[in-house]
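# Sequence and predicted structure below; questions after.
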Amino acid sequence: MYSHAFLSLRTPSPATSLPELKSDKLQTLGKWRSNFTVTVTSACTQRVVLVLHELGVEYDFIAVALMKGEHKDTSYTQDVHPFGRIPTLKDGNFQLFESRAICRYLVSKFGGTSTLNSDKQADAVQIGTLEQAISIEYSYFDPQIKALCYENVFKGYLGKGAASPDEVEKATDILTTCLDYYEALLSKQDYLTGNEFGLVDIFVMPWLPWFHVLKMDDLISGRPKFESWWKRMTARRSWQLVQESLPKTG
């Protein structure tokens, strides 16, 4: 089972190769070359791939067998990611990990006039607004949806027992507060950092299908502004391309 992967951007000059891993090439797209390790179904991977599609940066996708522990190989932890996680980037002699950092790197390098590139003419207010939005997503939204997925889905799958009602309640309470904040914010603007589509929208997007998996659709449908935002996000071509790349089930 190949659930993790390398993404490669192609450049005119050869890139430094990552340690050789047993892998299957899934896609060959592009023009620039860097190396990524990712998980097709993970929110972190989808974050990066959404940015790649939004910017029109083409890439190779090469699977790595997580279930076989290839991400824990010594060559991987020494040369790719010291914590044995994903995603990572190697662009020439430059190496980077953490999905949000990779996204911001890609936008800085390839963003040009894209609305994702908020640094192109940012003033102090714009910078502060962006950093606040990133912090809210990272500190309040992401940890809670992760906790709910772990307790209600992955915990049982991993054989670690039933969901903890206390943990589920705590995560749901904080997530609800975050969604209330987003609902109020979107009553005044079109996107999570203003009236233009931006990186924070991408950071949140990959987790939204999990509300259905968790049988918590009402947390979205009960917030019309947030639901409208979500419908606009799923209509984006980048989202559709990411969904097409996911493993088919059923």
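Structure's in. What do you need?
# State the helix or strand in which the most centrally placed residue in the chain lies.
Nearest residue to the geometric centre of the chain (CA atoms, centre = their mean): Arg47, 2.5 Å. Of the helices and strands defined by DSSP states H and E, Arg47 is found in helix 43-55.
# domain assignment for this structure?
Residue ranges for the domains of the chain, per automatic domain parsing: 4-110, 124-236.
# Make TSV from those domains and add mean pLDDT to it.
Output for the domains of the chain, formatted as TSV (pLDDT from 0 to 100):
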stretch	mean pLDDT
domain 4-110	68
domain 124-236	96
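# so of the ones you listed, which one's packed in deepest?
Highest mean neighbour count among those (mean count of other CB atoms under 10 Å): domain 4-110, with a mean of 19. C-beta coordinates here come from the backbone N, C-alpha and C atoms, glycine included.
# what's the longest helix along the chain in contact with?
Longest helix of the chain, by residue count under DSSP state H: helix 165-186. Applying CB atoms under 8 Å, 6 or more residues apart in numbering, the contact partners of helix 165-186 are 136, 140-141, 143-145, 147-148, 151-152, 192, 216, 219-220, 223-226, 228-229.
# who's in contact with the residue nearest to Ile202 when sequence neighbours are not counted?
Using CB to CB, 6 or more residues apart in numbering and skipping the chain neighbours, the partner closest in space to Ile202 is Leu50 (4.9 Å). By CB under 8 Å, 6+ apart, the contact set of Leu50 is 202, 205-206, 238-239, 242.
# One more: Val213?
149, 153.
# how far is the longest helix of the chain from where the chain is centred?
20 Å (CA atoms, centre = their mean, to the nearest Å).
# That helix: what's the following helix or strand?
helix 199-204.
# What's the first helix or strand after that following helix?
helix 210-213.
# would you put the C-alpha positions of that next one in PDB?
Included here for helix 210-213 are C-alpha records, laid out as PDB according to Å, rounded to 0.1, in the frame of the first residue of the first chain:
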ATOM      1  CA  TRP A 210     -14.000  15.200   7.100                       C
ATOM      2  CA  PHE A 211     -17.100  16.900   8.600                       C
ATOM      3  CA  HIS A 212     -19.200  14.500   6.600                       C
ATOM      4  CA  VAL A 213     -17.000  11.500   7.600                       C
END
